[in-house]
Every structure is written in structure tokens, then in C-alpha cells.
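[1] Here's my sequence, what's the structure:
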Amino acid sequence: MAKKKSKSSQVYTSTVILAASLVLTYVPLPGSQQTVIIVSGTELQEPLQQLAAKFQQEHPNIKLELKFQGSQDIVNKYVDQKNDFKPTVLIPANGEILTELSDRLRATDNNSPFYDSPRPIAKTILVGIAWPERGKVLFPDGRFQWQRVEQAMQASNWQKIGGSSDWGSFDFVTTDPTRSNSGQVTLSLWTQAKLGGQVNNNSFNNPSVQSLFGLVKKSVYQPPRSTDILLQEFITRGPNDADVATVYESVALYRWQQSSVSSGRPYQIYYLNPSIESTATAAIVRRDVDSGTADAARKFLNFVTQPAQQAVLVEYGFRPVNNAVDLKSVPKSPWNQNIPGAEVKPTVQTIPPPNPEIITEIQRLWQRVN
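    Presented below is the predicted three-dimensional model:
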């Protein structure tokens, strides 16, 4: 009898141990959960929220906190330690911005500021958008031209450039280049078009470029801090308050249906030639981030670059960094929605984004001109 009782106790104990081990496997112990704080440009806000929710279902022991800022703000606030949180991952809209961050931090500390080499997440290019009837007047041959935009800004109203007197003033919109990558890219491309050649540090000493910056600054009074905010305001304001803008192709495609509902006649997309491809790039930072948290962050970055997650980014208008993903075959791909002007393979030249030195010169001139 004693032996039977002993055997029953052993079976019970083994069952309890097995159950406890299963619980420990699938339910994180208090205090064992890793928290990864991701700071991204606002253009990635909605897809990252969707991907983070999916990731956390698969990795319940990793908690993701998402923060969104203009790409230049990401760098400035991190360098100056102006955030009220400690970032783990930074994802500005452009990898060159991470180079700027690294250079600024290395000026005071020779150690690498990142755990690993920065990783591309998604790609997009800068495009122009305009309300259809205004685009036909401004770009009669269907091609975006910086010179025509500048002429319209100088004229200040549509009637002087062949538009209807009812259209009122000409209103161009771009983001704040001291806070946002798309504003920096806009001014870099515009400077190149103005000078008819490659941009360098000396380009911004040219009187015609200084005059251009002054004109743009007056025209885009209180520019938005980020691209997605700009486009939502563009749609809300509609014709007569916002006529032409430069934005990322990704948000232009994703918000197009919204413009159709709000304005009845959605905007037209114009590819810039040349244009600049911006690659949202992620870096795991070292400051205040331990190795365990860095490992958790790597799992998320590995997850985001897999085909299933890249397909989600395509649905939001981004071009994938994983070549296994095809734009046209993705469900809900905006390239299948007959959006005016949208092209799978636009026949334009894409050039590298401005380097950190050029970005600095753009910001300096913008702040200096009246």
C-alpha cells in the first residue's frame, strides 16, 4: 500500500512539474519581459503599429513601445537627450540621417553608437502631388517641373499663370527641413534643378539658391514637421488652401483613397526626374540599451524584413527591401488601384539622398533666409 501511494505521489509531482514547465515556456515570468522602444518617422506609423501587434502575439515576452517623430527630430532629440524615454531602435526615413547621427556622436565618443550595422526596412521615393485641374495648368505636358512651381510661387496667384481667378493664391507645401527628411530632399532636388548640376556644399552660397530658399520659406509658412502630417493637412485643406506638395510616394498612395472621399476629385501623382529614393533604416542604439534588449530588438527587425511583413508595408505604399516580394501580387497593393500617375517602375533617374554635410548646409540656409 505504501508503494502504491509513493508511486501516485511521484506521478502527481511529475504532472505538476510538467504543467509548470509549460506555463514557464508560454507565459513570461514577472520581470522577464523585454521592452523595446522604437522611434520611427511618422510615415511608418500605421504599418508599424500593425506589424508590432502581430509580432507581440508571436513573442509575448517582448513588449514593443512605438514613438513617432520627424526624421531629423529623431536625431536631434537622441543626440541632445531630449526624450522622456530611452530609445532602443531608431528608424528615420533615410539611412544618411543615421550616418549624421553616428558622426555627431563619434565627435564626443569614439565608440560605435550602434550594436549592428543599420538595416534597411522599406523604400520610397519623393513625388509631387497636385489637384488634377491645377496640375494640368501647372504641368501642361504632364511632367513635374521645379521651374514651373517656382514661377507660380513668384506670381503668387493662379490667374497670372493661366489658372482660374476663382482659384486664388498659389499654395505650395513641403515639410520643415530642420525636422523632416522629405523637406531636406525637396530642397536638395530643387537646388540641383536650379543649378543644373550636382549639389555640393558651395551650392548654398549661390545667390539664386539663397533667393529660392527665401521664396519657398515665405510660401510654406509654418511647414509641417513630418510628411504624413503634411499630406493629411493637404487633403483636409483641399484646393484653394493647398495646391501642390512634395511627399513620399508611400503616403501619397496610401492616402489617395482618403483624398477621393474628402475632395471628390483625388490628387494626381507626379514622379520627379531625377528623384531621390529614401530607405527607412533601423539602428539598434547602444546608449542605455543592454544586450538582452538588443537581442529582442534584432528579433523584431528580422521579423519586419520577412516577406509576409514586407507585403504589409507594400499595402501601405512602400517598396520592399526584400526582393522576394512583388508589388503587383500583394493583396491590397495600391499599384493595383488605378491611382492617377502611379507607376510600378517609373522611368525616372533616382539619385542618392543628400549626405550629412549637404543636410547641414540645407538647414543652415533655411534658418538664415527670411
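
[2] residue contacts, the nearest residue to Phe55 once chain neighbours are set aside?
    Spatial nearest neighbour of Phe55, chain neighbours left out: Phe303 (5.3 Å); criterion: Cβ to Cβ, 6 or more residues apart in numbering. Quick note: C-beta positions are derived from backbone N, CA and C, even for glycine. Neighbour list for Phe303: 51, 55, 58, 309 [criterion: Cβ atoms under 8 Å, 6 or more residues apart in numbering].

[3] and if you look at Lys54?
    If a contact means Cβ under 8 Å, 6+ apart, then Lys54 has Gln309 as its contacts.

[4] Please, which helix or strand holds Leu231?
    helix 227-237 (DSSP states H and E).

[5] Quick check: which helices or strands does that helix pack against?
    With contacts taken as 3 or more Cβ pairs under 8 Å, 6 or more residues apart in numbering; DSSP states H and E, helix 227-237 sits against strand 172-173, helix 181-195, strand 244-248, helix 249-254, helix 256-263.

[6] Any idea which of those gets closest to Gln222?
    Closest approach to Gln222 among the helices and strands packed on helix 227-237 is made by strand 172-173 (10.4 Å; Cβ to Cβ).

[7] what packs against the strand or helix carrying Ile129?
    If you go by DSSP H and E, Ile129 is part of strand 119-130. The contact analysis (3+ Cβ pairs under 8 Å, 6+ apart) places strand 119-130 against helix 181-195, strand 244-248, helix 249-254, strand 268-271, strand 275-284, helix 291-304, helix 307-315, strand 319-320.

[8] mind giving me JSON lines with these and columns for distance to Pro223 and mean pLDDT?
    Below are these laid out as JSON lines (distance: least, Cβ to Cβ, whole Å; pLDDT from 0 to 100):
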{"stretch": "helix 181-195", "distance to Pro223": "7", "mean pLDDT": "95"}
{"stretch": "strand 244-248", "distance to Pro223": "10", "mean pLDDT": "95"}
{"stretch": "helix 249-254", "distance to Pro223": "16", "mean pLDDT": "95"}
{"stretch": "strand 268-271", "distance to Pro223": "20", "mean pLDDT": "96"}
{"stretch": "strand 275-284", "distance to Pro223": "18", "mean pLDDT": "95"}
{"stretch": "helix 291-304", "distance to Pro223": "30", "mean pLDDT": "97"}
{"stretch": "helix 307-315", "distance to Pro223": "26", "mean pLDDT": "97"}
{"stretch": "strand 319-320", "distance to Pro223": "26", "mean pLDDT": "97"}
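
[9] which among the contacts of Phe303 gets closest to Val220?
    Leu51 (32.2 Å).

[10] Tell me how many other residues surround that closest one.
    Number of residues near Leu51 (other Cβ atoms under 10 Å) recorded here: 23.

[11] For Leu105, find the nearest of the helices and strands packed on helix 227-237.
    Among the helices and strands packed on helix 227-237, the nearest to Leu105 by Cβ to Cβ is helix 181-195 (18.8 Å).

[12] ok now that closest one, how far from the chain's centre?
    17 Å (Cα atoms, centre = their mean, to the nearest Å).

[13] got the angle for that helix vs strand 275-284?
    150 degrees (axes from the mean of the first three to the mean of the last three Cα atoms, to 10 degrees).

[14] For the stretch 51-200 of the chain, just list every one of the helices.
    Secondary structure of the stretch 51-200 of the chain (DSSP state H, counting those that start in this stretch): helices at 71-79, 95-106, 132-138, 146-155, 181-195.

[15] tell me what the next helix or strand after the last one is packed against?
    Meaning helix 181-195. Past helix 181-195, further along toward the C-terminus, the next helix or strand under DSSP H and E is helix 207-219. Where contact means 3+ Cβ pairs under 8 Å, 6+ apart, helix 207-219 is packed against helix 146-155, helix 181-195, helix 356-368.
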